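J.: pasted the sequence and its predicted model underneath.
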Amino acid sequence: MTNSTRADDASSRTWREHWDLPAGVAYLNHGSFGLPPRCVVEAQQHWLRETARNPMVLFADRYEPLHTEVRDKLADFVGADRGNLVLVENATYGMNVVARCFPLRPGDEVLINDHEYGAVKRIWQRACARGGARLIESPLPLPVDSQDQAADVLLAAATDRTRLIVVSHVTSPSALTLPVEEICRRARARGIHTCIDGPHAVAMLPLALEKLGCDFYAASCHKWLSGPHGTGFLYVRPELQRWIEPLVVSWGRVGPAEPETWQDWFIWLGTRDVSATLALPTAIDFLQSIGLETFRTHTHQLARYARARLLELPGASPIAPDSPEWYGSMIAVHHPYGEALALRERLRKQYEIAAVLSPWHGGSLIRLSCHLYTLAEEMERVIEALKLEFR
């Protein structure tokens, strides 16, 4: 281990004080279920108490303006016009809204790739079946050599029947940052709509959604932003907002006000726990207090170290060049080991290591996530455990 990595551990130990981490567990799965820092948990508890104390005041008088403040703050954070974004529970909800509302006809095609999140594939399988369309899954080659190659391969699978391309900004199983801006540009030139699945990109990458050129962008805030679980957003290009409505229809706005815009329908979806939504600004403030570039540089350095150590395992191989162009705070490598799910459970139960191993074309993708609290020494625990398992 290098001296610079040891220095990073010193910084990580300082930042770890902001989290209530499980004792003895090497938590390297922030990419699936992020851990909110203590200040975010306390903010959510505050709003739970406020609701319990006087729900009439919170819901009837305060919630709509508070909701709008949160929405506007998040829109500014991700570089979206405030009129083009709504708050939803997570990327899955947002993607379901698009799938339910996007007009598909018999013979239409929706294009995805084989690195997409399994739930996204299921969402669009159902949408295509409902509309009589076809879901086309294009394989992306591994290893990939260039961003242009990734865009070329995906767009080559589009036909004159392709109505929509659904693609991850950062893929879930392989942790690859895909060239979504270039994909959106080429798709638009061919009259094809684009929907980006972006839960891993929020905070990990600088976002400027208005410049990205996509039609839809669905994301969660409980991953790298470390917001409360149950927070996310859906961005919709202005000219397509007429299509969009929530999956649950209620009053829209807090009565007796009538909904006036597409956003209004997403404010009030019925009586429910709103504490996560109202605590989200605390997560934004916390990460900004650390410094977004500090966060990105630190976590990428850790991910790069994890990549180097994983590639020392016999049979392990890289899936993309060693560059921040391809990965940020999360890294994956390929390994020929063919029982990924069983090994993932053994790591969790026997070694107290939370990591992701996914089946991949007869082998496995080993994925490690890094946040401010992550220690390089925790990577060593993973390597030692895997060496025992692979011997």
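T.: Structure's in. What do you need? Numbering: from 1, shown residues only.
J.: show the residue spans covered by the helices in the stretch 251-391 of the chain.
T.: 275-290, 292-310, 340-350, 376-390 (DSSP state H, counting those that start in this stretch).
J.: mind putting the ones you listed into a markdown table with distance to H361, mean pLDDT and mean neighbour count?
T.: C-beta: built from backbone N, CA, C; applies to glycine. Output for those, formatted as a markdown table (distance: least, C-beta to C-beta, whole Å; pLDDT from 0 to 100; neighbours: other C-beta atoms under 10 Å):
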| stretch | distance to H361 | mean pLDDT | mean neighbour count |
| --- | --- | --- | --- |
| helix 275-290 | 36 | 98 | 21 |
| helix 292-310 | 18 | 96 | 19 |
| helix 340-350 | 11 | 96 | 15 |
| helix 376-390 | 18 | 94 | 17 |
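J.: which among the ones you listed is found nearest to A151?
T.: Among those, the nearest to A151 by C-beta to C-beta is helix 292-310 (22.5 Å).
J.: return the closest one as CSV; C-alpha atoms alone will do.
T.: Extracted in CSV, the C-alpha atoms of helix 292-310 (Å, rounded to 0.1, in the frame of the first residue of the first chain):
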residue,chain,number,x,y,z
LEU,A,292,-17.8,18.2,-4.4
GLU,A,293,-14.4,18.1,-6.1
THR,A,294,-12.8,16.9,-2.8
PHE,A,295,-15.4,14.1,-2.7
ARG,A,296,-14.9,13.1,-6.3
THR,A,297,-11.1,13.1,-6.2
HIS,A,298,-10.9,11.2,-2.9
THR,A,299,-13.4,8.5,-3.8
HIS,A,300,-11.9,8.1,-7.3
GLN,A,301,-8.5,7.6,-5.8
LEU,A,302,-9.9,4.9,-3.5
ALA,A,303,-11.7,3.3,-6.4
ARG,A,304,-8.5,3.3,-8.5
TYR,A,305,-6.6,1.6,-5.6
ALA,A,306,-9.4,-1.0,-5.3
ARG,A,307,-9.1,-1.6,-9.1
ALA,A,308,-5.4,-2.2,-8.8
ARG,A,309,-5.8,-4.6,-5.9
LEU,A,310,-8.6,-6.5,-7.6
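J.: just to revisit the earlier point, include distance to V25 when you put the helices of the stretch 251-391 of the chain into a markdown table, please.
T.: What follows is the helices of the stretch 251-391 of the chain, written out as a markdown table (distance: least, C-beta to C-beta, whole Å):
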| stretch | distance to V25 |
| --- | --- |
| helix 275-290 | 22 |
| helix 292-310 | 17 |
| helix 340-350 | 9 |
| helix 376-390 | 9 |
